[in-house]
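Chemist: sequence? don't have it. structure:
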């Protein structure tokens, strides 16, 4: 059954839509451009602490972080990826840690206040910029975090510290790789579990690079280092 919006709501939408459109394209399904390719956008700021819908821990020592507009959040596929922004005061590389449901404009990034201040005047509030996806300046190998509650019967794995955006995680079962669904909170979840014993996993980057690692097991709230890191593009 279709429910009609009350007249005041329709009136408010009629007022707001032109304003949003004036700030940039309001395409909620606009795909991200390729790594290194610039796109127009705008920046705002919010009370970020490094955590958010990507399920990362707060990062008080590194507040160069941002939330991605909901259309380009891509069900958490951008989590942990890095973006270089060209602002009025210079360039800044930030890490995507959150989604912004209140950012309908494709290209909109919601930064921490400290990150915003490095490239624009906070008094402006909303600033037009351009930005591009870039490799992250990380040290050491990729890491794997198993969500609390993980076991042989239900397993959720988060990929951390990756130089390139991660597009896929698979695990080895019965002589074949099994693709694991990525949830919007940035965990690859196997509802039936990945079984007992060591877990052989494979992660794929946005440029097709793959890394294979063997984890000790589906242990709740455990974090393991991988053997290697993706190469810079």
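Modeler: That came in fine, so what should we check first? Just so you know, these numbers come straight off a predicted model, no measurement behind them.

Chemist: skipping adjacent residues, who's closest to the spatially most central residue of the chain in space?
Modeler: With distances taken as CA atoms, centre = their mean, the residue of the chain nearest its centroid is residue 79 (1.8 Å). Of all residues not flanking residue 79 in the chain, residue 54 sits nearest, at 3.7 Å (CB to CB, 6 or more residues apart in numbering). C-betas here are computed from N, CA, C, even on glycine.

Chemist: what's near enough to touch the residue nearest to the centre of the chain?
Modeler: Counting by CB atoms under 8 Å, 6 or more residues apart in numbering, residue 79 touches 53-56, 96-97, 186.

Chemist: confidence score at the closest residue to residue 201 other than its chain neighbours?
Modeler: In space, residue 201 comes closest to residue 171 once its chain neighbours are excluded; the distance is 5.1 Å by CB to CB, 6+ apart. Looking at residue 171, its pLDDT reads 98.

Chemist: off-centre distance for the helix or strand hosting residue 171?
Modeler: According to DSSP states H and E, residue 171 maps onto strand 166-173. The chain centre lies 17 Å from the centre of strand 166-173; the measure is CA atoms, centre = their mean, to the nearest Å.

Chemist: please identify the buried residues of stretch 129-143?
Modeler: Under the neighbour-count criterion of 16 or more other CB atoms under 10 Å, stretch 129-143 has 129, 131-136, 138, 141-143 buried.

Chemist: hmm, I typed the wrong one, I wanted stretch 198-215.
Modeler: 199, 201-206, 211, 213, 215.

Chemist: correct me, but the residue nearest to residue 201 touches residue 198?
Modeler: No: checked against CB atoms under 8 Å, the pair residue 171 and residue 198 is beyond contact range at 10.5 Å.

Chemist: now do the contacts for the nearest residue to residue 115 once chain neighbours are set aside.
Modeler: The shortest distance from residue 115 to any non-neighbouring residue, by CB to CB, 6+ apart, is to residue 64 (5.0 Å). Contacts for residue 64 (CB under 8 Å, 6+ apart) come out as 92-95, 112, 114-115, 118.

Chemist: show me those that map onto helices.
Modeler: 114-115, 118 (DSSP state H).

Chemist: derive a ChimeraX selection command for the buried subset of those residues.
Modeler: Buried subset of the ones in helices among the contacts of residue 64, written as a ChimeraX selection, criterion 16+ other CB under 10 Å:
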select :115,118
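
Chemist: now the ones in helices among the contacts of residue 64 in a markdown table, with distance to residue 181?
Modeler: Compiled in a markdown table, the ones in helices among the contacts of residue 64 are given as follows (distance: CB to CB, whole Å):
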| residue | distance to residue 181 |
| --- | --- |
| 114 | 35 |
| 115 | 31 |
| 118 | 37 |
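
Chemist: I appreciate the help and will end here.
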